[in-house]
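A.B. asks: I'd like to go over a predicted model; first the sequence, then the structure.
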Amino acid sequence: MTGERIEGRGPRVEGRGGRSGGSARLLAGVAVLGLLPAAVFTQARPAADAGPVIAITNARILPVSGPAIERGTVVIHGSRIAAVGANVAVPAGARVIDAAGRIVTPGWLDSGNQIGIVEIPVSAKGTADENTTDPRISAAFDVVDSFNGNSTLIPVTRVEGITRVLVTPGGTGNVFMGQAAVMDMSGAQVPASVTRAPAAMVALLGEAGAAVAGGSRATAMLHLRETLQDAQDYARNRAAFNAAQRRGYVRSRLDLEALQPVLKGQVPLLVEANRASDLLAAMRLAGEFKLRLVLMGAAEGWMVAEQLAKANVPVVVKPLTDIPTFDSLGATLENAARLSKAGVTVALATFDTQNSRNLRQEAGNAIAYGMDRDAALQAVTLTPARLWGVADRVGSLEAGKDADVVVWSGDPFELSTGAEHVFIKGREMPPDTRQKTLLERYRSIR
């Protein structure tokens, strides 16, 4: 059916592209999820949902947290998922989207770019706020403070089914780069767009880390170790420091405070590194300070997959990394598959602010080079949600979670597939992008 209105008290049904509204009816049984630690900032959630009721019916649902559901229904009430299953009743008055057998998944999460804090890299001053070169204030650097919900990169990202992004500091200013945050792609400004902040503390090793720390990988490790030791000492002697009765520290008070959740295990340390020896060095550092470690890049991760799996250290990789450099001579397109098969927790990412929309292509290529399809889907949904502490909100299709839902025209791992409906927190996102606007403007040129 296409935009058909069924009279009476029954639901209204849409086919592809329909957008009729519907009245709301409260659905019972939506659990209020637990609060996150006080050390992090999360967007406030209403105690009970209010808003329209939407039912996506006749769908092949891939909830990620469980087996596929054939001819199932997803009910959205306000900002949250109210019900998911094969025998879910459609509430009276709901807006109905007939998926006609199409695939429905959670919204995808890209782990690692600068959407919202970088518009035009390098070439345009004033459009890039991804890092600081201040040698004493970098761990405290917070991407949330420069996030722009009106970025033109947000619409072109979400139309490809990416509903949340781990926004990370970029550049190479310091070995401690700053605090990353999970932001939604709704176009809302802070604080409404914040899902969790900080979600990770980002540090730099490898060639890039050496370049900002005196020219050697060993010096970069010394900088990280000294700063962490100072942060520990500061925590034990805060009163003495405030009374000017403690030795000076290499970093500012702001940096030392920002590192406390990392030392307490509330926030993971996300280390950017590629060479196998650098990955092992990061693991030794994390073991020394008992930190929750996540490795980003890890182009040679497959070489130390056994050690990573044994230590339960997750990695975030870009599947299409295969051009060797001195920092990653062992790069291979099979990296994600080899890591996953070895039992390493793997999340997939683009590391590309302007082309985060290519996450589906990255994941599809990971599958083409041996990664299990279910593992690949989890690597762009539930796995990153768990890594960044937002799995109670997003990452799977379950009652009570935020309604980040995507209806795909076909197999989401195929390039020819499109996202027909994208919902973020229960609100359907418009298909408009700057590229589409320019296409229409210049379709006919005199």
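C.D. replies: Everything's here; your move.
A.B. asks: least trustworthy helix or strand in the protein by mean pLDDT?
C.D. replies: Of all regular secondary-structure elements in the chain, judged by mean pLDDT, DSSP states H and E, the least confident is strand 12-14 with a mean of 46.
A.B. asks: Output the below-cut-off pLDDT ranges for the protein.
C.D. replies: By pLDDT under 70, the weakly predicted segments of the chain are 1-49, 122-124.
A.B. asks: what ranges do the helices span in it?
C.D. replies: 153-158, 206-211, 217-236, 238-242, 253-258, 260-263, 276-289, 305-311, 335-341, 359-368, 373-378, 382-387, 434-441 (DSSP state H).
A.B. asks: which secondary structure elements does the longest strand seen in the chain contact?
C.D. replies: Longest strand in the chain, counting residues (DSSP state E): strand 194-204. Counting contacts by 3 or more Cβ pairs under 8 Å, 6 or more residues apart in numbering; DSSP states H and E, strand 194-204 packs against strand 162-167, strand 176-184, helix 260-263, strand 269-273. Bear in mind the C-beta positions are built from the backbone N, C-alpha and C, glycine included.
A.B. asks: Measure how it sits relative to strand 162-167, angle-wise.
C.D. replies: For strand 194-204 against strand 162-167, the angle by axes from the mean of the first three to the mean of the last three Cα atoms, to 10 degrees is 40 degrees.
A.B. asks: Quick check: the gap between the residue lying closest to I367 once chain neighbours are set aside and M221.
C.D. replies: Counting by Cβ to Cβ, 6 or more residues apart in numbering, I367 lies nearest to A376, which is 5.1 Å off, once chain neighbours are set aside. Shown here: A376 relative to M221, a distance of 33 Å by Cβ to Cβ, to the nearest Å.
A.B. asks: Mind checking which of these two has more residues around it?
C.D. replies: A376 (26 against 20; other Cβ atoms under 10 Å).
A.B. asks: Was I right to think that one contacts F413?
C.D. replies: Yes: using Cβ atoms under 8 Å, A376 makes contact with F413 at a distance of 7.1 Å.
A.B. asks: between these two, what contacts are shared?
C.D. replies: Common neighbours of A376 and F413 (criterion: Cβ atoms under 8 Å, 6 or more residues apart in numbering): 363-364, 367.
A.B. asks: got the contact list for the residue nearest to I367?
C.D. replies: Per Cβ under 8 Å, 6+ apart, neighbours of A376: 336, 348, 363-364, 366-367, 413.
A.B. asks: circling back: got a winner among the shared contacts of A376 and F413 for most neighbours?
C.D. replies: That'd be A363 among the shared contacts of A376 and F413, by other Cβ under 10 Å, with 25 neighbours.
A.B. asks: got the contact list for it?
C.D. replies: Per Cβ under 8 Å, 6+ apart, neighbours of A363: 319, 348, 376-377, 379-380, 413.
A.B. asks: All set now, cheers.
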